[in-house]
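Engineer: okay, sequence plus prediction incoming.
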Amino acid sequence: MKKRFKKTKRETLKGLIIKTVVIASLICGAFAIIRWNMMCRVVDYQLGDKTDISYEANRIDSRKGNGDPLPELLNEMTQHAYTAVNVPDIYVPSPDEIISSILNWSTVSKSVSCVSSGTVYDTPGCYSVAVITDEAGNIIGENTERFIMNIWFREGECEFYSFAENTSDDPEVASLFEELKNSSSFPYHVRDDIEVDSAYINRKTHEFIPCKFRIKHEEPVFNSDGLDHINTTSKEFSISVKEKDFEFIEFSADSEHFPHCADPWFGGEKQEDIDRILECFELVRFRGGISDTEKFSKLMEESDTYNEQSYSVYLNGEMYNVFMIDILKYKTPEFKNLFRKNVFHFSIIVFIIAALLCRHRYYKNKTKYALEDYERDLTNHLAHDMKTPLMAIGGYAENILDGKLTEDEKKEYLEAIIENVEFADSTMSRTLMLNSMDGNAGFKYETTDVGKVVSEAVKKYEPLLEQNNISFSLEGSATAKAESTSFEKIVENLISNAVKYTPESGSIKVMIDKNKMVISNTVNGKIDTRKLKEPFVRGEESRSNLGGSGLGLSIAERAAALNGFRLNISCTDNEFKAEVKF
């Protein structure tokens with residue numbers, strides 16, 4: 001079976017827009033899925049990339065005579081348990097950042113802390129549990145809620161001390177713990193610093209009780225342009241306790257003098273949360289994991305991922321097992337805001353690019369379809385115009401062959417045949433000329449005297465002007481930068497068009513100045529000029545027997561465009577005007 005020819009369907013603007021929107025939406029949707037998975041993978045990677053604290057355990061164990069190393073290791077574990085996850089942001093650096101990165105041989109990057117594990121950041125669904133068991137598997141320490149403070153007693157030696165709810169039975173100390181804890185539960189954009197001047201410390205249990213200290217509360221105030229200012233308040237505290245095994249110590253404000261301390265840092269989990277999490281896991285070295293899947297599934301209803309680590313440490317020659325269990329929720333406000341921002345910015349870029357490509361495709365199609373229509377119309381009009389002289393030639397030839405004509409009639413018929421052949425040849429030549437004017441490669445632009453070109457073009461039509469009593473006038477003078485041959489075609493075709501369509505006793509006027517040339521002629525009535533510059537379109541169909549092919553204005557238009565000129569035509573009830581702007 002022969003394959004049928006199928007005409008290619010043209011793209012409409014509506015279809016192109018729909019296609020562009022669909023493709024751009026699919027790209028943005030794919031990016032959203034990929035971006036979400038990448039962000040989640042970054043969180044999982046950082047969550048599972050916690051460093052082993054065996055080195056810290058060895059460092060703590062190596063300091064002999066400083067009390068039991070187990071409480072200090074538990075304090076270290078509590079601080080080590082929490083993971084602030086930084087997810088790389090997608091952003092465009094400023095020119096200053098790019099230049100700075102090049103000069104400093106560094107990379108410009110940006111990340112956002114958008115997921116944090118543990119109650120320290122007060123993120124629902126996020127927990128970090130650290131547990132120490134002995135060799136028999138008994139739990140001997142957990143990271144319950146506490147303040148961790150690093151104290152330097154000498155150069156290069158930092159010890160971890162904690163202040164927890166059960167540090168003292170003194171009601172004033174218990175009340176102080178609750179106030180400090182509440183001050184550490186503000187939203188992420190509020191900052192609280194605890195500055196300790198002196199404290200009571202227990203070197204054996206590595207516990208401390210603040211004595212004289214202050215809480216500096218910093219809260220940023222935002223306006224429509226961003227950060228406006230920061231409100232800072234400070235509250236002083238001073239308590240006195242008499243606890244057994246606690247000694248009073250004052251801290252130096254200068255980090256170069258000892259002892260000095262770092263700001264207390266709140267961490268740890270509520271006991272009920274620790275118990276709830278440990279019910280789901282088996283704390284057995286090398287074969288731990290989830291022990292109760294039903295409770296674990298219920299636990300993970302508010303969370304997205306978890307990570308479990310376990311390893312052994314040695315203190316005082318005894319082996320202990322350390323278990324770290326992190327449960328994390330991706331969908332925090334910071335995580336979702338970063339995701340939405342990245343997808344939004346990417347979508348804006350994609351849709352801008354898509355719109356530009358759609359616009360380019362539309363105008364490319366428009367040009368392509370216009371060229372196709374032009375070629376089709378040119379062929380159709382040429383076939384139509386060639387049909388008339390060919391039919392006439394055929395008719396005259398048949399009459400001559402009939403042999404019943406007189407010598408005068410034969411001569412008349414032969415002259416008519418020659419006239420139609422010349423018309424057909426002229427039409428073909430002008431059509432080929434029009435098609436050949438598709439570029440200006442090789443054009444040599446010269447300074448051309450416009451008035452001189454007009455005068456030479458009119459000379460050919462002087463007999464016809466006198467015969468029809470048509471007056472001609474030329475005003476002004478100017479020069480134009482143009483390719484001489486194509487410029488002559490412009491003038492010749494416009495003059496020819498004016499002569500053909502000017503009635504008897506009419507007039508033709510040419511006005512020239514440095515910016516334009518205007519050729520106007522009288523007409524018998526208003527002509528629709530909307531399609532006159534298209535090939536084979538005549539102003540007066542009734543005058544088509546004058547030998548006009550309807551190509552004059554098309555050739556003039558094409559030649560003007562090749563020279564960078566613009567041809568405008570207009571018509572009133574009694575005047576036709578062609579204006580060439582240089």
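Structural biologist: In hand now; what should we look at? Residues are numbered from 1 along each chain as shown.

Engineer: residue with max distance from the center of this structure?
Structural biologist: Each residue of the chain has a distance to the centre, and by Cα atoms, centre = their mean the biggest one is for Thr406: 84.2 Å.

Engineer: show the model's pLDDT score for that one.
Structural biologist: At Thr406, the pLDDT value in this model is 82.

Engineer: likewise for Met428?
Structural biologist: pLDDT, Met428: 73.

Engineer: find the nearest non-adjacent residue to Ser347, please.
Structural biologist: Counting by Cβ to Cβ, 6 or more residues apart in numbering, the nearest residue to Ser347 once its immediate chain neighbours are dropped is Cys28, at 4.5 Å. To be clear about C-beta, it is placed using only N, CA and C from the backbone, and glycine gets the same treatment.

Engineer: separation between the one you found and Phe344?
Structural biologist: Cys28 sits 9 Å away from Phe344 when distances are taken as Cβ to Cβ, to the nearest Å.

Engineer: of the two, who's got more company?
Structural biologist: For Cys28 versus Phe344, neighbours defined as other Cβ atoms under 10 Å are more numerous around Cys28 (19 against 11).

Engineer: that one should be in a helix, yeah?
Structural biologist: Yes: counting by DSSP: H, G, I helix; E, B strand; the rest coil, one finds Cys28 located in a helix.

Engineer: which ones are touching it?
Structural biologist: For Cys28, the contact set (Cβ atoms under 8 Å, 6 or more residues apart in numbering) comprises 343, 346-347, 350-351.

Engineer: go through the residues you listed and name the one nearest Arg285.
Structural biologist: Val343 (43.4 Å; Cβ to Cβ).

Engineer: secondary structure element holding the closest one?
Structural biologist: helix 333-402 (DSSP states H and E).

Engineer: helices or strands next to that helix in the packing?
Structural biologist: In terms of contacts (3 or more Cβ pairs under 8 Å, 6 or more residues apart in numbering; DSSP states H and E), helix 333-402 is packed against helix 13-47, strand 111-116, helix 407-436.

Engineer: deepest in the core, which of the ones you listed is it.
Structural biologist: Across the helices and strands packed on helix 333-402, the average number of neighbours (mean count of other Cβ atoms under 10 Å) peaks for strand 111-116, which reaches a mean of 20.

Engineer: my read: Phe423 touches Pro389, true?
Structural biologist: Yes: using Cβ atoms under 8 Å, Phe423 is in contact with Pro389, at 5.2 Å.

Engineer: tell me how many other residues crowd Ile139.
Structural biologist: Neighbour count of Ile139, defined by other Cβ under 10 Å: 14.

Engineer: could you check the pLDDT of the nearest residue to it once chain neighbours are set aside?
Structural biologist: Using Cβ to Cβ, 6+ apart and skipping residues adjacent in sequence, the residue nearest Ile139 is Thr133, 5.4 Å away. Looking at Thr133, its pLDDT stands at 93.

Engineer: which residues touch Thr133?
Structural biologist: If you count contacts by Cβ under 8 Å, 6+ apart, Thr133 has them with 139-140, 283, 320-321, 323.

Engineer: try Ala560
Structural biologist: Under the criterion of Cβ under 8 Å, 6+ apart, the contact list for Ala560 reads 490, 566-567, 580.

Engineer: among these, name the buried ones.
Structural biologist: Applying a neighbour-count criterion of 16 or more other Cβ atoms under 10 Å, the buried members of those are 490, 567, 580.

Engineer: mind putting those residues into TSV with pLDDT, secondary structure and distance to Glu56?
Structural biologist: Output for the buried ones among the contacts of Ala560, formatted as TSV (pLDDT from 0 to 100; DSSP: H, G, I helix; E, B strand; the rest coil; distance: Cβ to Cβ, whole Å):
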residue	pLDDT	secondary structure	distance to Glu56
Ile490	86	helix	90
Leu567	91	strand	87
Val580	92	strand	89
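
Engineer: ok, so of those, who is nearest Asp528?
Structural biologist: In terms of Cβ to Cβ, no member of these lies closer to Asp528 than Leu567, at 16.9 Å.

Engineer: beta partners for the closest one?
Structural biologist: Leu567 forms beta bridges with Val580, as assigned by DSSP bridges.

Engineer: for it, list the residues it contacts.
Structural biologist: 490, 533, 553, 556-557, 560-561, 578-581.

Engineer: what's the most distant pair in those?
Structural biologist: The distance between the two most remote of these (Cβ to Cβ) is 15.5 Å, for Leu553 and Lys581.

Engineer: more neighbours, the two?
Structural biologist: Taking other Cβ under 10 Å, Leu553 and Lys581 do not tie; Leu553 has more neighbours (23 against 13).

Engineer: and that one, that's in a helix?
Structural biologist: Yes: Leu553 forms part of a helix when assessed by three-state DSSP.

Engineer: list the contacts for it?
Structural biologist: Neighbour list for Leu553: 493-494, 497, 532-533, 537, 567, 569, 578 [criterion: Cβ under 8 Å, 6+ apart].

Engineer: please repeat the previous calculation with a cut-off of 7 Å.
Structural biologist: For Leu553, the set of contacting residues under the criterion of Cβ atoms under 7 Å, 6 or more residues apart in numbering consists of 493, 497, 532-533, 569.

Engineer: likewise for Glu279?
Structural biologist: Applying Cβ under 7 Å, 6+ apart, one finds that Glu279 lies in contact with 292, 295.

Engineer: now do 6 Å
Structural biologist: Under the criterion of Cβ atoms under 6 Å, 6 or more residues apart in numbering, the contact partners of Glu279 comprise Lys295.

Engineer: what's the pLDDT at it?
Structural biologist: pLDDT, the model's per-residue confidence, is 92 for Glu279.

Engineer: what's the answer for the one 3 residues further on, then?
Structural biologist: Note on Glu282: pLDDT of 89.

Engineer: state the pLDDT value of Ala84.
Structural biologist: Per the predicted model, pLDDT is 66 at Ala84.

Engineer: what of Ala164?
Structural biologist: For Ala164, the model assigns a pLDDT of 93.

Engineer: run through the bridge partners of it.
Structural biologist: Taking DSSP bridges, one obtains Arg146 as the residues bridged to Ala164.

Engineer: any idea how far Ile209 is from it?
Structural biologist: Computed as Cβ to Cβ, the Ala164 to Ile209 distance reads 10 Å.

Engineer: now Ser291
Structural biologist: 38 Å.

Engineer: neighbour count winner among these two?
Structural biologist: More crowded of Ser291 and Ile209, by other Cβ under 10 Å: Ile209, with 22 against 14.

Engineer: hmm, back to that, okay, the contacts of Leu567 in TSV with distance to Pro88 next?
Structural biologist: Supplementary listing: those in TSV, determined by distance: Cβ to Cβ, whole Å:
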residue	distance to Pro88
Ile490	62
Lys533	59
Leu553	63
Ala556	62
Glu557	58
Ala560	57
Ala561	53
Ala578	65
Glu579	62
Val580	61
Lys581	57
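
Engineer: give me the number of residues near Glu318?
Structural biologist: Residue neighbour count, defined by other Cβ under 10 Å, stands at 11 for Glu318.

Engineer: Ser312 too?
Structural biologist: Around Ser312 there are 14 residues (other Cβ under 10 Å).

Engineer: ok, which stretches of the chain are helices?
Structural biologist: Residue ranges of the helices in the chain, as given by DSSP state H, are 13-47, 54-62, 69-80, 95-103, 171-183, 271-278, 293-299, 333-402, 407-436, 450-459, 462-467, 484-501, 552-562.

Engineer: how close does the residue lying closest to Ser570 once chain neighbours are set aside sit to Cys571?
Structural biologist: Counting by Cβ to Cβ, 6+ apart, Ser570 lies nearest to Lys577, which is 5.1 Å off, once chain neighbours are set aside. Here the distance between Lys577 and Cys571 works out to 7 Å (Cβ to Cβ).

Engineer: quick one: contacts of stretch 160-167?
Structural biologist: Taking Cβ under 6 Å, 6+ apart as the criterion, the residues outside stretch 160-167 that touch it are 72, 75-76, 146-149, 151, 177, 201, 206-208.
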